[in-house]
Each structure stands twice: as structure tokens, then as C-alpha cells.
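Student: Provided below are the primary sequence and the corresponding predicted coordinates.
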Amino acid sequence: LKKLVSAGYPEAMFYLADCHGSGRLGLEVDPKEAFTLYQSAAKLNHPQSAYRVAVCCEMGAEEGGGTKRDPLKAMQWYKRAASLGDPPAMYKMGMILLKGLLGQPKNPREALSWLKRAAERADEENPHALHELGLLYESAAPNDAIIRDENYSRQLFTQAAELGYKYSQYRLGSAYEYGLLG
């Protein structure tokens, strides 16, 4: 594994970083080493590593991120990971811009764009964007960036529920129980 890392193979860097982060392969838990490896792979355009670098920058050393807390750097790495096609990063970009997190101004239109891109790539591990879009379409107000659409909202909740997302399953259960969402 170390030979692959030395040869500049990003997937090996990502895996070894995960091992340092969790103590697998008999390694000591070492957040700093994990961060360094994630960053090396991220610089080689490895999407999941770019996402992990962003998470580390958001968490900071106090919370086990292996680097100092830096919301601006976190934002830059989330955007890079999202641009490289990482669904969790797309979702995170959407939520940051929707809620104005990490010192960013709220930007509902751009948030919607990122959430839609994440929803297109939804799977069992990444159903969150479907649910969030469902909530947005269900409760959209007249001045919002989108038009209220309960049928589309129900479709989004159904898609997330079928992927096993418990919050969407609950939301659909309530809708059927009380006759909501059309």
C-alpha cells in the first residue's frame, strides 16, 4: 500500500488515510497523517479525498480533523469535491448555500442547483438530497426560488424512501396517514 502511495496512486492514499483515521491495518489513529494523505489525493483530483479534506477543515483539530479549523478552506474543498462529482459534497454545498453556513451568504438558487445534482446521483449511501428537495418543494412559499409542487415532493420522498432513508419513509407514512402531498 505504501508503494502505491509513493507512486502517487490517489485511491491508495485515500484508503491509507481512512486506515489512519480509524486505526485499521493495525495503525495508530492519526488524524494529522490521515489529513495529509487525504490532501495529497485531493490535489490529484480524487473527489472523495477532496470531500474529506473539506470535512477536516470544517471540524478542526479539536474535533479530530487533523488540521486547524478553517471554514473558508472547507468551503473551497467542498466546492472542488462537488465539481469533481462527489455526491456528498454536492449535498453539502447545497445545504451550506441554503442555510448560509461556514460564513457563506444564503444563495437559494445555487443551493437548489447543487441539491438537484446530488439528487440525480442519489443511492443508498446518499439519499439526503432527495429528502431535502422534497421538503423544499413541499413547503415552497410564493417568493422562493422554486414553485410549490406536492406531487414532485412526494416523488422525491418516495425515491429516498425506496433507498432506505428513514426520514423520507416517515414523511411518506405521515402523508398517507393524514392525506397530505396529494
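Tutor: Here it is on my side, so go on.

Student: For the rest of this, base every contact and every neighbour count on C-alpha atoms.
Tutor: Fine.

Student: Please identify the helix or strand for residue 42.
Tutor: Following DSSP states H and E, one finds residue 42 within helix 31-43.

Student: Just the residues contacting the next helix or strand after that helix, thanks.
Tutor: Using DSSP H and E, the helix or strand that directly follows helix 31-43 along the chain is helix 47-59. With contact meaning CA atoms under 8 Å, 6 or more residues apart in numbering, helix 47-59 is reached by 14, 35, 38-39, 41-43, 64-71, 73-78, 80-82, 84-86, 88-89.

Student: List buried residues within those.
Tutor: The neighbour-count test (16 or more other CA atoms under 10 Å) applied to those identifies 14, 35, 38-39, 41-42, 64-67, 69, 71, 73-78, 80-82, 84-86, 88-89 as buried.

Student: So which elements touch the helix holding residue 42?
Tutor: helix 10-22, helix 47-59 (3 or more CA pairs under 8 Å, 6 or more residues apart in numbering; DSSP states H and E).

Student: could you give the angle of the first one to helix 31-43?
Tutor: Counting by axes from the mean of the first three to the mean of the last three CA atoms, to 10 degrees, helix 10-22 points 160 degrees away from the direction of helix 31-43.

Student: what mean pLDDT would you report for helix 10-22?
Tutor: The pLDDT scores in helix 10-22 average 96.

Student: And the residue nearest to residue 100 when sequence neighbours are not counted, how far from residue 117?
Tutor: Of all residues not flanking residue 100 in the chain, residue 106 sits nearest, at 4.3 Å (CA to CA, 6 or more residues apart in numbering). Residue 106 sits 18 Å away from residue 117, taking CA to CA, to the nearest Å as the criterion.

Student: if you count what's nearby, which of the two comes out ahead?
Tutor: Set residue 106 next to residue 117 and count neighbours by other CA atoms under 10 Å: residue 117 wins out with 19 against 15.

Student: elements contacting the host helix or strand of that one?
Tutor: For residue 117, the enclosing helix or strand under DSSP H and E is helix 108-120. Judged by 3+ CA pairs under 8 Å, 6+ apart, helix 108-120 is in contact with helix 87-99, helix 128-139.

Student: The residue positioned nearest the centre of the chain and residue 143, how far apart?
Tutor: Of all residues in the chain, the one closest to the mean position by CA atoms, centre = their mean is residue 88, 2.4 Å from it. As judged by CA to CA, residue 88 and residue 143 stand 28 Å apart.

Student: you'd agree residue 105 is up against residue 97?
Tutor: Yes - if you go by CA atoms under 8 Å, residue 105 and residue 97 touch, sitting 6.8 Å apart.

Student: the more surrounded of those two?
Tutor: residue 97 (21 against 12).
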